[in-house]
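I would like the atomic coordinates for the input below:
(one chain, ligands or ions: 1)
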Amino acid sequence: MKLLHPLSGVALRKIQIEDRERLAHLANNPNVANNLLDDFPHPYSIEDADQFIKHAQAASPTLRFCIEKDGEYVGNIGLHPKEDVYKRSAEIGYFIGEEHWGQGIATHAVQLIVAYGFEQLDIHRIYAGVFSYNSASKKVLEKAGFDFEGASKEAIYKNGQLYDELRFAILNPNH
Ligand SMILES: CC(C)(COP(=O)(O)OP(=O)(O)OC[C@H]1O[C@@H](n2cnc3c(N)ncnc32)[C@H](O)[C@@H]1OP(=O)(O)O)[C@@H](O)C(=O)NCCC(=O)NCCS
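Next comes the predicted model:
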């Protein structure tokens, strides 16, 4: 399965075990890890990549994708569907390798996975929790059509400091 963004050269595809070294290279960066959950390993080893790939491959339907730009693997994006009364909601997560920042890749990847979630997975609401200092990610979500819903004050404890979490969400207009 490949999800293609018209004209931009951005695509989403399933992750393969052959991606392990490239994933570790893209992910092993404090400028990436500082914007993500502490669950995201730092440093990021090949063994961490193996574990992620196994986990991603076990899910059906596919929820975690490689992001490609002109056929090159440049980042990851995923949806995390919630449970119980939140079952029509999913949290989105993504990163791009730093050498590929600033080319609109994340924005196009977010648009692709939102369309996939709404059209293929019966999801009604997709949301993100952005650390208050992450201006690039706020911009990505706004460009992709997400609305700012509010701040959870000092909800984030990252690298020994408290930060607000900014909630962004987009709703499925069709169902
Ligand atoms: C956030 C991230 C995914 C953005 O990827 P990207 O491919 O560079 O994003 P895009 O190019 O689509 O858009 C980034 C926008 O932010 C802007 N931007 C970047 N740094 C910025 C800053 N410090 N202040 C304000 N805007 C900034 C860019 O100019 C661009 O906007 P523009 O198109 O209007 O010029 C990438 O920086 C990343 O992987 N960061 C680490 C992981 C992360 O933050 N994940 C998301 C967690 S919520």
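
is the longest helix along the chain up against the ligand anywhere?
Counting residues, the longest helix found in the chain (DSSP state H) is helix 105-120. Yes: Helix 105-120 is in contact with the ligand by CB under 6 Å from any ligand atom, via I105, A106, T107. Where C-beta positions appear, they are placed from N, C-alpha and C, glycine not excepted.

any residues touching stretch 3-14, and which ones?
1-2, 56-57, 62, 65-70, 77, 104-105, 108-109, 111-113, 115-116 (CB atoms under 8 Å, 6 or more residues apart in numbering).

ok, 10 Å please
Contacts to stretch 3-14, defined as CB atoms under 10 Å, 6 or more residues apart in numbering, come from residues 1-2, 19, 53, 56-57, 62, 64-78, 103-113, 115-116, 120.

mind listing what's buried in that stretch?
Neighbour-count burial for stretch 3-14, counted by 16 or more other CB atoms under 10 Å, picks out L3, H5, S8, G9, V10, A11, L12, R13.

May I ask which two of those residues are separated the most?
By the measure CB to CB, the buried residues of stretch 3-14 have their two most distant members at S8 and R13, which lie 14.9 Å apart.

show me what contacts E154?
For E154, the contacting residues are S132, Q161, L162, Y163, D164, E165, by CB under 10 Å, 6+ apart.

How far does whichever strand or helix holds it sit from its chain's centre?
Under the criterion DSSP states H and E, the helix or strand holding E154 is strand 147-158. Here the centre of strand 147-158 is set off from its chain's centre by 17 Å, with CA atoms, centre = their mean, to the nearest Å.

Which neighbours in the sheet does it have, and how are they oriented?
The strands beside strand 147-158 in its sheet (DSSP bridges) come out as strand 161-171 (antiparallel).

how about the nearest residue to the most centrally placed residue in the chain, chain neighbours excluded?
In the chain, the centroid-proximal residue (CA atoms, centre = their mean) is Y94; its distance is 2.0 Å. Here the nearest residue to Y94 in space, its sequence neighbours aside, is I77; by CB to CB, 6 or more residues apart in numbering that works out to 4.0 Å.

For the one you found, which three-state class applies?
The three-state label given to I77 by DSSP: H, G, I helix; E, B strand; the rest coil is strand.

how much space between I113 and K153?
I113 sits at a distance of 29 Å from K153 (criterion: CB to CB, to the nearest Å).

Show me which residues of this structure are close to the ligand?
Residues of the chain that fall close to the ligand, judged by CB under 6 Å from any ligand atom: 32, 35-36, 94-96, 101-107, 128, 130, 134-137, 139-140.

Just the buried subset of those, please.
Using 16+ other CB under 10 Å, the buried members of those are 32, 35-36, 94-96, 105-107, 128, 130, 134, 137, 140.

Thank you, goodbye.
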